[in-house]
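1. Below is the sequence, then the predicted model.
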Amino acid sequence: MEKLDGRKLDHKTREAIRIRAVQRIEAGESPEVIASTLGFHRSCVYDWIARYRDGGIEALRAKPIPGATPKLNGSQLQWIYKTIIGNNPLQLKFEFALWTRDMVRDLIRRQFDIKLSPVSVGRLLKKLGFTPQKPLHRAYQQNPELVLQWQAQELPKILARAKAEQATLYYADESSVRSDYHTGTTWAIKGKTPVVRQTGSRFKINALSAISPGGQMRFMTYETNLTAEVFCDFLRRLLYQAKKPVYLVVDNHPVHRSQRVRKFIEEAKGKLKLFFLPAYSPELNPDELVWADLKKNISRRILKGKTDLRVRVVSHLRSLQNMPDKVAKFFHHPAVKFIFSMSGSLCTS
């Protein structure tokens, strides 16, 4: 479609087009579709969006807008918008995986040789419809029906058996803490929580942990990849001096279902039972919150090397062991609160 020359239209017509276009965008239509439909260049439409979000409908009226001349034009705003929603910062050779004001500021300086303050960048991002958000990490393979079935049918059976045998119920998980782990908020389009895809590694520490609704916690670190022998070593420690049977809920990692682990459970002669979460459902495991708490603490520290990372990981996990009330509160998280409400007397195990 031939682009429309807005300069040939009278002020009132241009004003009506701008206002109607922004109203349609606010209602959910794509700026790209609006530009194509109206015959205006896309940079014009993005400029209208920025003006509207800065000054409301009045900013679209056919009259001079007071204030300094914007440093970025509509075409440049369009490039910034598409770059942020379409790229992970790592793809643009930044060292951090989340979009921050300083990173966007550097992006603008690098691309357009225009210098803005962090405050100005924050205002600019809000004009374009971005807000600082915490990204979600969710597996696309998850089956919601199986998740609901596990919550409604399988979990009550596990809890009933544990109560009948007076067993200690644990939820276990393994994780790696990397030196380049990134946490915090990243700027993203309002109403669309971003997903961060990370790559690369420097040095890391592997760990296993298990927590109970009553606030008990066990953990161990290891250097190799997770193997059946490593997991059996963890199970052995979990059973050490245990006066009650141990019920352990884990994910579907192949190691957890390996022949070596099954043999270990048989040799435990009823002291240990393993149960499995639905596939691709880490959010159902309260132990995931242990790793979130740990990584949040580690990510804010300057690490001097792998030994320093290991010391900090072990130190933080030991501190959690000594705070059963905090560990028990992980079961109050909205994603797993249903476990706490169903656990009953197991919470004091």
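-> Now that the structure is in, tell me what you want to look at.

2. Can you name the next helix or strand after the strand or helix carrying residue 162?
-> Secondary structure assignment for residue 162, by DSSP states H and E: helix 155-164. Using DSSP H and E, the helix or strand that follows helix 155-164 in sequence is strand 168-178.

3. helices or strands next to the helix holding residue 162 in the packing?
-> Secondary-structure packing of helix 155-164 (3 or more Cβ pairs under 8 Å, 6 or more residues apart in numbering; DSSP states H and E): strand 168-178, strand 246-250, helix 337-343. Placement of C-beta: from N, CA and C, glycine included.

4. ok, residue 268 to residue 212 distance?
-> For residue 268, the distance to residue 212 equals 18 Å [Cβ to Cβ, to the nearest Å].

5. more neighbours, these two?
-> For residue 268 versus residue 212, the count of surrounding residues by other Cβ atoms under 10 Å is larger for residue 212: 25 against 16.

6. hang on, that one packs against residue 167?
-> No: if you go by Cβ atoms under 8 Å, residue 212 and residue 167 don't touch, sitting 10.1 Å apart.

7. what angle sits between the helix holding residue 162 and strand 168-178?
-> 120 degrees (axes from the mean of the first three to the mean of the last three Cα atoms, to 10 degrees).

8. any chance you could map the helices in this protein?
-> For the chain, the helices defined by DSSP state H cover 11-26, 31-38, 42-55, 74-86, 101-112, 118-127, 144-149, 155-164, 228-239, 259-267, 288-299, 306-321, 324-329, 337-343.

9. Return the most buried member of those helices.
-> Among the helices of the chain, helix 42-55 has the highest mean neighbour count (mean count of other Cβ atoms under 10 Å), at a mean of 20.

10. Next, the angle helix 11-26 makes with that helix.
-> Using the same axes, to 10 degrees: helix 42-55 against helix 11-26 is 80 degrees.

11. could you say what helices and strands helix 42-55 packs with?
-> On a contact count with 3+ Cβ pairs under 8 Å, 6+ apart, helix 42-55 meets helix 11-26, helix 31-38, helix 74-86, helix 118-127.

12. hmm, back to that, any idea of the mean pLDDT for the helix holding residue 162?
-> Helix 155-164 comes out with an average pLDDT of 92.

13. and that helix, C-alpha only, in CSV?
-> These are the backbone C-alpha positions of helix 155-164, laid out as CSV (Å, rounded to 0.1, in the frame of the first residue of the first chain):
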residue,chain,number,x,y,z
LEU,A,155,-0.7,-36.2,45.9
PRO,A,156,-3.6,-37.1,48.4
LYS,A,157,-2.6,-40.8,48.0
ILE,A,158,1.0,-40.0,48.8
LEU,A,159,0.1,-37.9,51.8
ALA,A,160,-2.3,-40.5,53.1
ARG,A,161,0.4,-43.3,52.9
ALA,A,162,3.0,-41.1,54.5
LYS,A,163,0.6,-40.3,57.4
ALA,A,164,-0.3,-44.0,57.8
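
14. and it with strand 246-250, angle?
-> Calculated by the same axes, to 10 degrees, helix 155-164 forms an angle of 160 degrees with strand 246-250.

15. Just give me how far helix 155-164 sits from the chain centre.
-> With Cα atoms, centre = their mean, to the nearest Å as the basis, helix 155-164 stands 31 Å off its chain's centre.

16. just stretch 149-156 next, same as before
-> 26 Å.

17. Please enumerate residues in contact with that stretch?
-> Under the criterion Cβ atoms under 8 Å, 6 or more residues apart in numbering, residues 275, 277-278, 281, 284, 338-339, 342 lie in contact with stretch 149-156.

18. now those residues in TSV, with pLDDT?
-> Shown next, in TSV, are these (pLDDT from 0 to 100):
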residue	pLDDT
275	97
277	94
278	91
281	86
284	89
338	74
339	75
342	71
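
19. ok, of those, which one's closest to residue 71?
-> Of all these, residue 281 has the smallest distance to residue 71: 46.9 Å, by Cβ to Cβ.

20. which ones are touching that closest one?
-> Residue 281 is in contact with 139, 142, 147, 150, 251, counting by Cβ under 8 Å, 6+ apart.

21. re the thing from before, right, so of the helices and strands packed on helix 155-164, which gets closest to residue 94?
-> Among those, strand 168-178 comes nearest to residue 94, with 16.9 Å by Cβ to Cβ.
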